[in-house]
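Enquirer: sequence unknown, structure follows:
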């Protein structure tokens, strides 16, 4: 019987609004989650590399005033570069959900070039609207890099909510290891099966440890939230670090 509960950090900044859903998902998956104000890391009082897992939650970090995920990404790359280096050295898995996916791409952690320069961005939805759908079908994939977050879920469809205005991957998409597609296993760009005009719903980095997903698995983890389709992703992450 597994008794160890990995420690999961959920970085929080003003504008983050999905931290409690993420906390609940991690608790159900068997982790010990903590919502950690990122300011404490910036002040040197806490460190991101204290965690076994890091989950960047959804929301509107810093109001998205300087671009979605940009402020957190700048903090990661510049002000927290030592902590980020230690996170990568320790191979601490990270998951970015919605705004968290935007953070990871802007920081050059997903879809990056050789020096981790960002080569992929999450642009405005093709509709130019904020798309909020209660049910979106996403097919999960295990890419060749063996992503820990989708391990054993090849071809599995999950129905989860989506809520974003900027979720369409653009740029050097060949650098993305696709772990989720909208509508079908092959994916479709057709609206409304795809809320943003791309077939890509989720992608990971070359290590398979860092994944971003635009729809919200955190909002579909128990009966109170319409089912537990999203819980398998969190369980995979927790099981990987037990």
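Expert: Received, thanks. If you're wondering where the values come from, they're calculated on a predicted model, not measured in any experiment. Residues are numbered from 1 along each chain as shown.

Enquirer: what pairs with the spatially most central residue of the chain across the strands?
Expert: In the chain, the residue lying closest to the centroid (Cα atoms, centre = their mean) is residue 96, at 1.8 Å. Residue 96 has these beta-bridge partners by DSSP bridges: residue 56, residue 212.

Enquirer: Can you verify my assumption that it contacts residue 102?
Expert: Yes. If you go by Cβ atoms under 8 Å, residue 96 and residue 102 touch, sitting 7.4 Å apart. Every C-beta, even on glycine, is put in place using the N, C-alpha and C of the backbone.

Enquirer: Next, show the common contact partners of the two.
Expert: Common contact partners of residue 96 and residue 102 (Cβ atoms under 8 Å, 6 or more residues apart in numbering): residue 212.

Enquirer: show me where this structure has strands.
Expert: Ranges of strands in the chain, per DSSP state E, are 7-12, 32-37, 53-56, 94-97, 120-124, 131-140, 157-164, 166-171, 177-182, 200-204, 210-213.

Enquirer: To residue 63, which of those lies closest?
Expert: Closest approach to residue 63 among these is made by strand 166-171 (13.3 Å; Cβ to Cβ).

Enquirer: I would like the residues contacting that closest one, please.
Expert: For strand 166-171, the surrounding residues in contact (Cβ under 8 Å, 6+ apart) are 64, 68, 98, 101-102, 105, 111, 118-126, 131, 176, 195-198, 200, 203, 214.

Enquirer: in this structure, which spans are helices?
Expert: All helices of the chain, identified by DSSP state H, fall at 19-29, 38-42, 70-74, 81-89, 99-106, 231-240.

Enquirer: any chance of those in JSON lines, with mean pLDDT, mean neighbour count and distance to residue 56 too?
Expert: Below are the helices of the chain laid out as JSON lines (pLDDT from 0 to 100; neighbours: other Cβ atoms under 10 Å; distance: least, Cβ to Cβ, whole Å):
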{"stretch": "helix 19-29", "mean pLDDT": "97", "mean neighbour count": "21", "distance to residue 56": "9"}
{"stretch": "helix 38-42", "mean pLDDT": "97", "mean neighbour count": "17", "distance to residue 56": "10"}
{"stretch": "helix 70-74", "mean pLDDT": "93", "mean neighbour count": "20", "distance to residue 56": "8"}
{"stretch": "helix 81-89", "mean pLDDT": "96", "mean neighbour count": "15", "distance to residue 56": "12"}
{"stretch": "helix 99-106", "mean pLDDT": "96", "mean neighbour count": "28", "distance to residue 56": "3"}
{"stretch": "helix 231-240", "mean pLDDT": "97", "mean neighbour count": "22", "distance to residue 56": "12"}
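
Enquirer: between the ones you listed, which gets nearest to residue 140?
Expert: helix 231-240 (7.8 Å).

Enquirer: I'm done for today, thanks for sticking with me.
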